[in-house]
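In: Structure of the sequence below:
(one chain, ligands or ions: 1)
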Amino acid sequence: MIEKQQWHSGLTSSSSPVVGEKETQRLPLSLSKRISSLFQRLIPTRSFWSDMSSLAGKCTQCLRRRSLTKRLCRQQKSREGGWVTLSNPPNQVGTIIKWEAPDRVCVRLLDFLIHPSKWTEQSYSKEEVSPYTYVRAENVEDLLSHLTQCFVSRREEVRTLFADLHREIFCKQTPFWDVAVDLEPGACISTPHIHIIVLELLWKLFPKAEAILDIGSGSGFVTAAFAKAAPHAQVVGIECSSNLIKFSRWAVEQVLTSEECERVTFLKGDGKEGRKGEHFDIINVAFMCRGLPSPLVEQLKPQGKMIIPLSTGTRSSYEKNYEAGWFVLIEKCSDGTIEQYPMFKCSFVPSRSGESPSLLSKVLFFLKGGLDWIRGVRPHYVAEDSKEKPPQDESGDEM
Ligand SMILES: C[S@@+](CC[C@H](N)C(=O)[O-])C[C@H]1O[C@@H](n2cnc3c(N)ncnc32)[C@H](O)[C@@H]1O
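Out: Reported below is the predicted structural model:
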């Protein structure tokens, strides 16, 4: 007797065969039963699929973590311009300005409490500088304590704001590593140290700011930070990717109050055009620009500040599809003239004009981490583009 079974066709019930009726009924009963149970065993159950999908998730996470480790190592070794930790003042972060001799280096001390025009430059022997550490923290406290120790984070208020924003909502993979994490091809969430620096540099403007423009708003993290820091400001995020606009709208709702959310708008468009007819106290640009976009200069209010990475026209040494340049503070004087302060070298994604990436490029992006791993690609530390290449030490390593 064939038992009633939950699966397909004419074999399910002896009373109403449907498909393949003749063939199945001609088979001896026991053989048909055996085939049926064999098929049943071959058809994967729901729990099998859920196990498989969680396994695939874990593998992907593991591969992405490896690829971010690689990126962080490259950043560690070959950051444009070279960030260093000084022995005097102890733990102070600085950026290499030039090599004066094989064993002496001129370093600009980065201090975000004072205006960049007042930053000092000093000569150090090679023994007094060591490579700056980009930390791989597992929680926000460790990340912030590291950034405080090396003088990148200066204000307690900025740290509280950063912690309140829950970076893990905007960036699921390694949210507290000091590394840029890709969101989609051509877009990433910037490093925590860049987010902190932007907030430090603009801190004094927030209380009075009425209008802020965040260009290349990506994940929405900085846009949300602006809305929290500037209680009276309308904050506009401009982003060219529809997917990221959708994501950032969702993400800011998770961390902002309803009053703060009402002051935030995300728009799709080419950020280099800004917002025609409007003027802003603060403009923050998060992709590399080849020259200062004139609409943005025009839209900056007198006494306003803009932060913008300006390209040196070279490829980044640490990420192939990034561009190298200077992280620049722009200030507009009351008479409308512009002052520029190039602060330190940096790498950013280049400007992109178009739509969200195609499905194919998303699939390739997803697979890239895995393929690199299978191919056994290991971090390479060669600065391909650095014109001011430092001399090599005895071990052949770059500083
Ligand atoms: C470094 S990423 C995101 C930075 C963002 N502040 C964050 O931390 O999430 C730069 C962003 O700029 C966007 N972008 C690039 N070129 C653009 C353009 N011309 N107009 C608008 N957005 C652009 C990219 O899609 C990307 O999301």
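In: which residues sit in contact with residue 340?
Out: By C-beta atoms under 8 Å, 6 or more residues apart in numbering, the contact list for residue 340 reads 292, 328-330. Backbone N, C-alpha and C define where each C-beta goes, glycine included.
In: Would you reformat the residues you listed as JSON lines and include distance to residue 50?
Out: Below are the contacts of residue 340 laid out as JSON lines (distance: C-beta to C-beta, whole Å):
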{"residue": "292", "distance to residue 50": "52"}
{"residue": "328", "distance to residue 50": "50"}
{"residue": "329", "distance to residue 50": "51"}
{"residue": "330", "distance to residue 50": "52"}
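In: What about whichever residue of the stretch 1-150 of the chain sits closest to the ligand? Give its phi and psi, please.
Out: Nearest residue of the stretch 1-150 of the chain to the ligand (C-beta to the nearest ligand atom) works out as residue 71 at 13.4 Å. Backbone geometry at residue 71, expressed as degrees, to the nearest 10, gives phi -60, psi -40.
In: Domain map for this protein?
Out: Taking automatic domain parsing as the criterion, the chain consists of the domains 1-46, 155-374.
In: Let me know whether the residue of the stretch 1-150 of the chain closest to the ligand touches residue 174 as I believe.
Out: No. Look at residue 71 against residue 174 with C-beta atoms under 8 Å: they stay out of range, at 10.2 Å.
In: Residue 303 should be in a helix, yeah?
Out: No. Using DSSP: H, G, I helix; E, B strand; the rest coil, the assignment for residue 303 is strand, not a helix.
In: burial count for it?
Out: Other residues near residue 303 come to 12 when the count uses other C-beta atoms under 10 Å.
In: ditto for the one 5 residues further on
Out: The burial metric for residue 308, expressed as a neighbour count using other C-beta under 10 Å, is 24.
In: ditto for residue 332
Out: Neighbours of residue 332 using other C-beta under 10 Å come to 21.
In: go on, residue 311?
Out: Neighbours of residue 311 using other C-beta under 10 Å come to 17.
In: Which among the domains of the chain is found nearest to the ligand?
Out: Closest to the ligand of those is domain 155-374 (C-beta to the nearest ligand atom; 2.5 Å).
In: Show me where this structure has its helices.
Out: Here the chain has its helices, by DSSP state H, at 21-26, 29-42, 46-78, 140-149, 156-164, 167-170, 192-202, 221-229, 242-255, 258-262, 294-299, 359-374.
In: Please name the residues that touch residue 89.
Out: Contacts of residue 89 (C-beta under 8 Å, 6+ apart): residue 109.
In: Pull up the per-residue confidence for residue 390.
Out: At residue 390, the pLDDT value in this model is 32.
In: residue boundaries of the strands in the stretch 251-399 of the chain?
Out: Secondary structure of the stretch 251-399 of the chain (DSSP state E, counting those that start in this stretch): strands at 264-268, 280-285, 300-315, 323-332, 338-348.
In: The ones you listed into TSV, with extra columns for distance to the ligand and mean pLDDT?
Out: Shown next, in TSV, are those (distance: least, C-beta to the nearest ligand atom, whole Å; pLDDT from 0 to 100):
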stretch	distance to the ligand	mean pLDDT
strand 264-268	8	97
strand 280-285	7	98
strand 300-315	9	94
strand 323-332	11	95
strand 338-348	6	94
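In: Would you mind finding the most buried of those?
Out: strand 280-285 (a mean of 25; mean count of other C-beta atoms under 10 Å).
In: by contact count, what packs against it?
Out: Applying 3 or more C-beta pairs under 8 Å, 6 or more residues apart in numbering; DSSP states H and E, we find strand 280-285 packed against helix 192-202, strand 211-215, helix 221-229, helix 294-299, strand 300-315.
In: Just checking: what are the partner strands of the second one?
Out: Using DSSP bridges, strand 211-215 pairs in its sheet with strand 234-239 (parallel), strand 280-285 (parallel).
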